[in-house]
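S.K.: What follows is a predicted structure for the sequence shown.
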Amino acid sequence: MHKRAIYLHKSRAFLEREVVAAVKRGERCFIVSNSKKYIKAVHRMILMECGDHVVMRIVTSDNSRDDAILRFLANVKEEFCRIQVLAGTPSIGTGIDMTFPNEQRLVVRVFVFFYPFINTHTDIDQQLCRVRHPGRVDVWINPATFNFTSNVDVIMDDLARSYAVPRAVRGIRPDGMVDYDRADPLLNLYAHVTALQRASKNRLVELFCALRVANGWTVEWVDGAASTSPVTAAREILAAERAEKLLAAPLLANDDYIELDRKIQQGANLSDEDRMSYERNHFERTVGLPLDARLVELNRDGKLLDRIITLAAVLPLLPVGRQGPDLVDALLQPTTAPKGRLHKRPPEQLMAVLIRVTGLTSADGFDDKAVVSV
């Protein structure tokens, strides 16, 4: 039997241009990525490069529970025939099988874009195999590799010391280490699953290729390159539009904000307007500053609020402008004894200790001349 080929691309930009070319030719395409932001950028790229006449359906965590999307996925074999492009993340969900009668290759192209240390190679394989009889499959996987330990014994020890399975922990030994039941079935299961996931994510491309070959495919590398990425301009436009929406979002009264926050906590789907309004109000209430263009730019990766919250938790532990005992020194005191350990300390306390140990702070406060290179 003739083996099917899968085309693995070294250049993401080159494959993005292949997507544009395929859509312009009128080919029906299935595009999948493990990045919601990337799928949104690809959507905008297609509109910019191919025109707004292209009929597309986008499925991400933002809309995967909408009634229209649920109806589409429930009857995806017929619905897919009414559009040209389906683009989505693993939020499309398991069990979606795009098998067409008589092995018809109605989906001419399958494009896969995956980033590392999020999914395993089997997850990627599952996503591209949703289309059973594609005309051609093109894949780009970020080639980054990692060296996270996948030794089961080491992982089990880490999980026990972090109390990931509390029932397996017996207590603290005289030497300061955690005493735990190595035969606990839940701890063993947790350790083995974690080891398999880490092993996969450490060598994602290599293991993905091996799995495809084991399933009867051949892997052909594509060396094509592109000097620029058509997604770049799409991302910049999306960022500008997002900033404009955030800054234009209305300020909410306490009752309205609490109601919106309740919906968020319950996992409800929000309109784009409500999502922008919540994000602006949540940021301003948490930080205590009005949102402006500079803060929006600083928060382009969406992690500024986490950084501020972390710093706010660490600062009270530091001796900046405060008289009295040094709390960080008090936390470090047990570690000066032989085999001394820090046990069950919250993250902000560990952070305060670490920046003291690395020399970023002292009993006098921050050392503005200290430099950390790694």
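M.R.: All right, it came through fine. Numbers count the residues shown, from 1 in each chain.
S.K.: quick one, strands of this structure?
M.R.: 4-9, 29-33, 56-59, 85-88, 109-114, 136-141, 169-172, 178-180, 217-222, 361-362, 365-366 (DSSP state E).
S.K.: what ranges do the helices span in the stretch 201-350 of the chain?
M.R.: Remark: helices assigned in the stretch 201-350 of the chain by DSSP state H, counting those that start in this stretch are 204-214, 230-248, 254-265, 272-287, 293-298, 304-314, 327-332, 347-357.
S.K.: Can you give me the pLDDT of the residue lying closest to Lys201 once chain neighbours are set aside?
M.R.: Closest residue in space to Lys201, ignoring its immediate chain neighbours: Phe117 at 5.0 Å, by C-beta to C-beta, 6 or more residues apart in numbering. For the C-beta atoms, the positions are set from N, CA and C on the backbone; glycine is no exception. pLDDT for Phe117: 82.
S.K.: hmm, back to that, okay, the strands of the chain in CSV with distance to Ile264, mean pLDDT and mean neighbour count next?
M.R.: Shown next, in CSV, are the strands of the chain (distance: least, C-beta to C-beta, whole Å; pLDDT from 0 to 100; neighbours: other C-beta atoms under 10 Å):
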stretch, distance to Ile264, mean pLDDT, mean neighbour count
strand 4-9, 38, 92, 18
strand 29-33, 24, 93, 24
strand 56-59, 20, 93, 20
strand 85-88, 22, 92, 24
strand 109-114, 28, 93, 24
strand 136-141, 32, 93, 22
strand 169-172, 34, 89, 12
strand 178-180, 36, 91, 17
strand 217-222, 42, 93, 13
strand 361-362, 35, 81, 19
strand 365-366, 35, 78, 13
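S.K.: Of those strands, which is nearest Pro334?
M.R.: strand 169-172 (11.9 Å; C-beta to C-beta).
S.K.: Okay, helices next: where are they in the stretch 1-150 of the chain?
M.R.: For the stretch 1-150 of the chain, the helices defined by DSSP H, counting those that start in this stretch cover 12-24, 36-50, 67-74, 76-79, 121-128.
S.K.: Dump the ones you listed to a markdown table, plus mean pLDDT.
M.R.: Listed next are the helices of the stretch 1-150 of the chain as a markdown table, based on pLDDT from 0 to 100:
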| stretch | mean pLDDT |
| --- | --- |
| helix 12-24 | 95 |
| helix 36-50 | 95 |
| helix 67-74 | 87 |
| helix 76-79 | 84 |
| helix 121-128 | 84 |
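S.K.: thinking again about what came up before, how about CSV for the strands of the chain, with distance to Leu252 added?
M.R.: Below are the strands of the chain laid out as CSV (distance: least, C-beta to C-beta, whole Å):
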stretch, distance to Leu252
strand 4-9, 45
strand 29-33, 33
strand 56-59, 28
strand 85-88, 31
strand 109-114, 36
strand 136-141, 41
strand 169-172, 44
strand 178-180, 46
strand 217-222, 50
strand 361-362, 38
strand 365-366, 36
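S.K.: Out of those, flag the one nearest Ala337.
M.R.: Smallest distance to Ala337 across the strands of the chain (C-beta to C-beta): 13.6 Å, for strand 169-172.
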